[in-house]
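Student: sequence plus the predicted model coming up.
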Amino acid sequence: MLELNIPSKEHDEAKQGQALVLEASKNNNGRKLYIESYGCAMNFSDSEIVASILADDGFVTTADFTEADIVFINTCSIRENAEVRVRNRLKQFSASKAKNPGMIVGVLGCMAERLKAKFLEEEKLVDVVVGPDAYRDLPNLINKVDDGNKAVNVLLSREETYADINPVRLNSNGISAFISIMRGCDNMCSFCVVPFTRGRERSRDAHSVVKEAQDLFAAGYREVTLLGQNVDSYKWASEDGTEKVNFAQLLEMVALVSPDLRVRFSTSHPKDITDEVLTTIAKYENICNYIHLPVQSGNSRVLEIMNRTYDRHWYMERVEAIRRIIPECAISTDIITGFCSETEEEHQDTLSMMDFVKYEFAYMFSYSERPGTPAAKKFKDDIPEDVKQRRLEEVIAKQQIHSHYRAQQRIGKIEKVLIEGFSKKSKNDYCGRSDQNFMVIFPVGDAYKPGDYVNVLVEKTTTATLIGKVVQ
Ligand code: SAH
Ligand code: SF4
Ligand code: F3S
């Protein structure tokens with residue numbers, strides 16, 4: 001995997017899950033909670049909702065699972081290796097539980113939803129299994145476990161959006177935050193487990209989204225990322241039906257919170273992204289010129305059996321519309337290699353699509369069959385593992401060239417960068433993102449600090465990182 005960026009944390013699954021630290025809660029009950037999150041940004045955002053619900057119940061958190069009374073792991077099912085990782089992590093928790101038998105171990109998120117009560121049989125150490133729509137029930141479920149029972153709630157909801165819950169911002173840099181604007185997915189891409197683990201698509205009250213953005217801005221945040229599996233199908237109506245808000249309108253409402261609040265969003269679906277969305281992005285300087293537009297495959301037959309409901313021509317037309325309406329827009333993608341029955345020529349179509357778009361960034365995977373999905377039911381997972389991997393390597397090699405090319409194109413340009421903090425490698429440098437979502441590194445200076453915008457003249461690059469100096 002080439003590049004890890006904020007909007008698509010599912011690609012982060014190969015990395016250690018992130019421990020989340022809560023501040024002291026109001027009515028401290030003396031018990032300590034530890035949460036670790038895997039998977040996409042949605043899951044990280046959900047952990048902030050879980051933390052908020054449990055803070056109200058008196059829990060304080062710890063970054064050290066060995067001293068926790070409750071250990072939660074918020075899980076991902078998107079590919080088999082995401083699940084393998086969680087199982088391995090659970091093994092590590094079991095040693096702690098042996099020393100502290102009162103410790104409660106809970107599995108949250110997509111794997112909980114996929115495996116349901118089976119989890120309790122398969123993993124004896126797990127006490128509680130909670131699906132993504134059941135987090136309000138957590139205090140009650142913990143009580144059940146305290147009474148000596150095992151507890152499960154994996155009910156999916158058609159309404160739950162947690163709109164009224166004020167997420168506790170965990171492990172945050174205090175500058176950028178996620179805002180979930182919808183939950184679930186109705187698309188049924190044949191390879192994908194998300195519609196089964198996250199349920200039906202529902203959009204959150206537009207005013208609660210704007211309020212959350214306003215509160216974040218007032219607290220010093222300068223960037224929000226609006227999250228949904230398919231943000232372009234966001235659709236909210238007031239109860240009396242007099243007010244209707246689509247995604248383009250919601251983007252505008254959030255952009256108007258302040259010109260100093262950057263707005264990002266993920267994920268866009270090629271079938272649904274409209275010219276109205278593109279013109280809204282072009283109209284507001286603070287809506288970032290960056291679109292994550294997963295193609296999955298460059299071949300129309302493969303796209304059809306993936307049930308993506310667009311073809312190669314449609315996707316190319318959408319890319320041309322982006323170039324026409326937002327000439328400076330960066331585009332990133334997700335690609336799956338070795339999907340059922342994919343031929344060598346069809347794989348070549350993916351490579352030629354990459355040449356056509358020259359994506360700034362890409363997240364690339366080999367196909368992993370997920371039990372119960374339409375593809376698992378209808379098609380044979382018939383591409384040998386070594387072929388899937390070889391195709392993946394070809395895709396990664398091409399992307400490396402394109403990322404480098406796109407980064408090089410920025411040399412000599414002045415980028416507006418929102419400073420996030422010190423660079424990972426050195427306390428002498430700051431890092432932050434450009435409008436197009438490139439990571440930019442530049443020397444620390446007295447005149448600016450994290451949370452400020454600075455203009456950086458790009459002087460050189462690594463594969464996909466820009467390096468430069470601050471100019472007026
Ligand atoms: N809602 C987003 C994607 C969510 S999952 C969208 O529609 O684009 C993130 C990415 O994981 C997908 O875009 C896809 O590239 C990859 N993915 C999903 N299911 C997969 C599977 N079974 N095997 C390999 N990759 C998969
Ligand atoms: Fe999965 Fe497709 Fe929904 Fe994305 S749009 S979450 S790939 S079903
Ligand atoms: Fe996200 Fe993984 Fe679930 S990608 S929606 S956490 S299956």
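Tutor: Yes, it's here. Ligands and ions are numbered 1, 2, ... in the order given.

Student: from here on, contacts and neighbour counts on C-alpha atoms
Tutor: Will do.

Student: which bits of the stretch 51-200 of the chain sit near ligand 1?
Tutor: 78-79, 191-192 (CA under 6 Å from any ligand atom).

Student: same check, this time on the stretch 351-472 of the chain
Tutor: Proximity of the stretch 351-472 of the chain to ligand 1 (CA under 6 Å from any ligand atom) is limited to residues 365-370.

Student: between these, which sits nearest D164?
Tutor: Of all those, D164 sits closest to R370, with 33.4 Å by CA to CA.

Student: next up, the contacts around that closest one.
Tutor: Shown in contact with R370 (CA atoms under 8 Å, 6 or more residues apart in numbering): 78-80, 191-193, 376.

Student: can you tell me which of those has the most neighbours?
Tutor: F191 (26 neighbours; other CA atoms under 10 Å).

Student: near the closest residue to it other than its chain neighbours, how many other residues are there?
Tutor: In space, and not counting its chain neighbours, F191 is closest to A375: 5.3 Å by CA to CA, 6 or more residues apart in numbering. By other CA under 10 Å, the residues close to A375 number 22.

Student: just confirm A375 is within a helix.
Tutor: Yes - counting by DSSP: H, G, I helix; E, B strand; the rest coil, A375 is found in a helix.

Student: what sits against it?
Tutor: 190-191, 306, 340, 369.

Student: which of those residues are buried? Put it as a ChimeraX command.
Tutor: Provided next is the ChimeraX selection string for whichever of those are buried by 16 or more other CA atoms under 10 Å:
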select :190,191,306,340,369
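
Student: mind putting the contacts of A375 into CSV with secondary structure, pLDDT and distance to T225?
Tutor: Below are the contacts of A375 laid out as CSV (DSSP: H, G, I helix; E, B strand; the rest coil; pLDDT from 0 to 100; distance: CA to CA, whole Å):
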residue, secondary structure, pLDDT, distance to T225
S190, coil, 98, 27
F191, coil, 98, 26
M306, coil, 98, 27
C340, coil, 98, 33
E369, coil, 98, 30
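
Student: and the contacts of A375, which two are furthest apart?
Tutor: M306 and E369 (12.2 Å).

Student: between these two, what contacts are shared?
Tutor: Common neighbours of M306 and E369 (CA under 8 Å, 6+ apart) are 191, 375.

Student: taking the residues of the stretch 51-200 of the chain next to ligand 1 one by one, which sit in strands?
Tutor: Among these, none falls in strands (DSSP state E).

Student: and ligand 3, which of those contact it?
Tutor: I78.

Student: please produce TSV containing the residues of the stretch 51-200 of the chain next to ligand 1, extended by distance to ligand 2.
Tutor: Below are these laid out as TSV (distance: CA to the nearest ligand atom, whole Å):
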residue	distance to ligand 2
I78	9
R79	12
F191	7
C192	5
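
Student: from the residues of the stretch 51-200 of the chain next to ligand 1, pick the one nearest D446.
Tutor: I78 (44.4 Å).

Student: does the closest one touch V193 like I think?
Tutor: Yes - if you go by CA atoms under 8 Å, I78 and V193 touch, sitting 6.2 Å apart.

Student: if anything else comes up later, I'll come back, but that's it for now.
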